[in-house]
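1. sequence plus predicted model, see below.
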Amino acid sequence: MNPANSSLLVLTAGDDVAVARGDIASGQLLCADGLCVTALADIPSGHKIALRDVAQGQPVRKYGQIIGQASSDLRPGEHVHVHNLQMPLASSTHSLANVYQPTVYHTDQARFAGYVRADGRVGTRNYIGVISSVNCSATVCKQITAAFDAGYLRDYPNVDGVVAITHGSGCGMGAKGEGIEILKRTLRGYADHVNFAGVLVIGLGCEVNQLAPLMEQLADRTAVLKASLVIQDAGGTRETVQRGIGLVRAMLAQVNSQQRSSVSASHLIVGLQCGGSDGYSGITANPALGAAVDLVVRHGGTAILSETPEIYGAEHLLTARAASAPIADKLMGRIHWWEEYVRQHHGDMNNNPSPGNKAGGITTILEKSLGAVAKAGSTGLMGVYEYAERVEHQGLVFMDTPGYDPVSATGQVAGGASLICFTTGRGSTYGCKPTPSLKIATNTRLFQRMSLDMDFNAGGIVDGEESVAEAGARLFELMLATASGRKTCSEENDMGDNEFVPWQIGAVM
C-alpha cells in the first residue's frame, strides 16, 4: 500500500487501477506504483482511477484479481466505474492450488467474562426471549415484553432485557419443503441461543409452524426457564399476555442469579457482516476484521463468514483454504445453487452491488466480493453450513445466507453467533438482540459523522496512522471487552428488537 502522503492507493503491484485516498480534482497530477497520471475527471474519494491503458473487453485488475472488464478503452487518469467497467461476459475459471495449513494456536489463550450455561456453552449476554411461532402471535409477544422496561428491570441488574423475537411468517406456507425447514431451524436456533437464559414461546394454535418441535429444542433447560403458551388454548389475547407476563416474572430471579466468569476466548463465536460498503471496505475495515478473526481462531474461537452472493467471484480464495476437498465442494455447491436460484427468478448475480455501494466506489460484484472475503482473514476453512444450522466446528466456517444483512445475521445468530462484527463504509446502525453488534467504520469521516453509531474506526489504516495488523489487534481487544459486557453503540441506542428476519423461500399460499 502507498505511503500516507500519496493521493492514491495501489493495493497490489501491477493493478490496473488505484483508489482515491480523498477527492481528486480534474487535472490533478498523481503518482503511484511508479507511474504518474493526470486525472481526466473529478474522482470522488474511494473511487478508482486508471493507471494504464486497458483495451475494451480486456480484464481490469484490483487487489491483484480481476474485478471486471473494460466496456470501453481506458486511458491513464480516467475515472473507472459503472460507465466503463462491467462484469466479464464469461465467468473466468480459477486454478488456484490448495494452500490450507493447520492453525497454529496461541499457547497463552485470551479470555473474556461470559455466562457459562449448564451445557458448557458461554453467553455474552443474559436475555429472556419471548418468541413467536407465527406472525399471528407477534403482537402478544411484544405486549408481554413491553411490561418489562428498564425501570422494571432495575432490580435485576444481571438481566440484559426481555426481547420479543417476532416475524412475518409461520403460516400460509407449505407444511413441507425448504421454506418451512429454514423457518423451523432459525426459530430453534434462537430458542436455544446461549444468550437467552430463559425462553417463552407463543403460538396461535392453528398455524403450520406448530410449537412442539420448537419446545423439543429446549429439553435441557430447567422447567422455570422454558415455557410456552397457545393463544387459542389460553382463552385469547389478553389472557395470554397476562399469563405470559407471569411466566417471565417467574424467570427473572433465576436469570438474574447468573454471574459472569472468566473463560477462554475459544468459547467466542463471531458472525462477520459487511453492509453499506464503500471503496475503502476492502482496504481498511474488512482486512482489519480479518486480522482480528485470525486472532480469534488462533485463540481457539470460531468465526462465521456468510453472504454467499457477496463472495461470488472470490470463492476460489476460500476453496483454496479448505481443510478438505468435501468442504470446498460443498461451498461450490452453494455457489451453483445461487446461480440457478437467480436464473429461476430472472435475476443477475451482479444486481449486487447496491446503489449505495456504487456511490461509494464499488462497481461490480467481483470487486465487492474480493473486498468482502478479506473479513475471513487467512486461516483454513473448516466447514460449510446451511442457513441457520448450528455451527459445531471451531475455526473459520462459512454459512450460506443471502447478502441482505438482517437475513444473513439472523442465520448466523441462529447458528450460535454470540457476537456480530459489522463493517460499513456508508453507515449502518444494525442492532441484533440477543447478540451484540459492533460497527466498524471504514473511514474516519464516517466514524466522526456517525460517532454515536460507530464502535471502531478502521480509517486510521488509510490515514497512515496504523497498520492492518495493529488495527486488527485493537479490534480483537474490543471484541473481548464487548463479549465481557461492554455495550455496543446499537445497544446504547436500544436497537435490535426488530431485526429478526428469517430467510423466506417458497410460495406464500
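-> Looks like it arrived, so ask away.

2. doesn't I245 lie inside a strand?
-> No. Using DSSP: H, G, I helix; E, B strand; the rest coil, the secondary structure at I245 is helix, not a strand.

3. any idea which element P326 lies in?
-> Following DSSP states H and E, one finds P326 within helix 325-344.

4. report the backbone C-alpha coordinates of that helix in PDB.
-> This file holds the C-alpha atoms of helix 325-344, laid out as PDB (Å, rounded to 0.1, in the frame of the first residue of the first chain):
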ATOM      1  CA  ALA A 325     -12.000 -31.400  -0.700                       C
ATOM      2  CA  PRO A 326     -15.600 -32.100   0.500                       C
ATOM      3  CA  ILE A 327     -15.600 -28.700   2.300                       C
ATOM      4  CA  ALA A 328     -14.500 -27.000  -1.000                       C
ATOM      5  CA  ASP A 329     -17.100 -28.900  -2.900                       C
ATOM      6  CA  LYS A 330     -19.900 -28.000  -0.500                       C
ATOM      7  CA  LEU A 331     -19.100 -24.300  -0.900                       C
ATOM      8  CA  MET A 332     -19.100 -24.600  -4.600                       C
ATOM      9  CA  GLY A 333     -22.400 -26.400  -4.400                       C
ATOM     10  CA  ARG A 334     -24.000 -23.400  -2.700                       C
ATOM     11  CA  ILE A 335     -22.500 -21.100  -5.300                       C
ATOM     12  CA  HIS A 336     -24.100 -23.100  -8.100                       C
ATOM     13  CA  TRP A 337     -27.400 -23.200  -6.100                       C
ATOM     14  CA  TRP A 338     -27.400 -19.400  -6.100                       C
ATOM     15  CA  GLU A 339     -26.600 -19.200  -9.800                       C
ATOM     16  CA  GLU A 340     -29.700 -21.400 -10.500                       C
ATOM     17  CA  TYR A 341     -31.800 -19.600  -8.000                       C
ATOM     18  CA  VAL A 342     -31.100 -16.200  -9.600                       C
ATOM     19  CA  ARG A 343     -31.800 -17.700 -13.100                       C
ATOM     20  CA  GLN A 344     -35.200 -19.000 -11.900                       C
END
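
5. pull the residues that contact it.
-> Around helix 325-344, the neighbours that count as contacts under CB atoms under 8 Å, 6 or more residues apart in numbering are 98, 308-309, 312, 315, 318-319, 322, 348-349, 351, 381-384, 398, 400. C-beta coordinates here come from the backbone N, C-alpha and C atoms, glycine included.

6. repeat that for 6 Å
-> Helix 325-344 is contacted from outside by T308, E315, T319, A322, M349, L381, V384, F398, D400, using CB atoms under 6 Å, 6 or more residues apart in numbering.

7. of those residues, which belong to helices?
-> Using DSSP state H, the members of the contacts of helix 325-344 that fall within helices are E315, T319.

8. from the contacts of helix 325-344, which one has the minimum pLDDT?
-> Of all the contacts of helix 325-344, the one the model is least sure of by pLDDT is M349, with 79.

9. how far away is that residue from E340?
-> Shown here: M349 relative to E340, a distance of 11 Å by CB to CB, to the nearest Å.

10. okay, buried residues for the helix holding P326 please.
-> Neighbour-count burial for helix 325-344 flags I327, A328, K330, L331, M332, R334, I335, W338, V342 (criterion: 16 or more other CB atoms under 10 Å).

11. thinking again about what came up before, just the closest of the contacts of helix 325-344 to C136, please.
-> Using CB to CB, D400 comes nearest to C136 of the contacts of helix 325-344, at 29.1 Å.

12. burial of G279, as a residue count?
-> Per other CB atoms under 10 Å, the neighbour tally for G279 reads 29.

13. quick one, what contacts it?
-> Going by CB under 6 Å, 6+ apart, the list of residues near G279 reads V19, G46, H47, G360, G361.

14. do G360 as well
-> Shown in contact with G360 (CB under 6 Å, 6+ apart): G46, D278, G279, G425, R426.

15. you'd agree the third one is in a helix?
-> No. Read with three-state DSSP, G279 is coil and lies in no helix.

16. any idea which helix or strand comes after the lowest-mean-pLDDT helix or strand in the chain?
-> None of the helices or strands of the chain scores lower by mean pLDDT, DSSP states H and E than helix 212-216, at a mean of 85. Next in sequence after helix 212-216, counting helices and strands by DSSP H and E, comes strand 226-230.
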